[in-house]
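Engineer: Structural data only, the sequence is not supplied:
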């Protein structure tokens, strides 16, 4: 029993003509809907005010009692 080729197979002349425009539409849709994530909009640009507040205090001095 021989296998009948699919109508969607590339050897079908109608599919060869349809392939390039279909691929172009797919690439266009991917460009429109796939570029919504913009990493620079979500990038944290450094420590926030809370971090700066807790780290900008003067460095702790060693607690050594004066022998005098």
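Structural biologist: That came through fine. Just so it is clear, the structure is predicted and the values come from calculations on it, not from any experiment.
Engineer: C-alpha only now, for contacts and for neighbours.
Structural biologist: Fine.
Engineer: Have a look at this structure and report its longest helix.
Structural biologist: helix 13-34 (DSSP state H).
Engineer: Quick check: next helix or strand after that helix?
Structural biologist: Next helix or strand after helix 13-34 toward the C-terminus (DSSP states H and E): helix 39-42.
Engineer: one step back: output the contacting helices and strands for the longest helix of the chain.
Structural biologist: Secondary structure elements in contact with helix 13-34, counted by 3 or more C-alpha pairs under 8 Å, 6 or more residues apart in numbering; DSSP states H and E, are absent; no helix or strand qualifies.
Engineer: got any ranges where the protein has weak pLDDT?
Structural biologist: Regions of the chain meeting the criterion pLDDT under 70 cover residues 1, 5-16, 57-63, 66-68.
Engineer: Can you give me the neighbour number for residue 4?
Structural biologist: Residue neighbour count, defined by other C-alpha atoms under 10 Å, stands at 6 for residue 4.
Engineer: Now do the SS call for it.
Structural biologist: Under the three-state scheme (DSSP: H, G, I helix; E, B strand; the rest coil), the conformation of residue 4 reads as coil.
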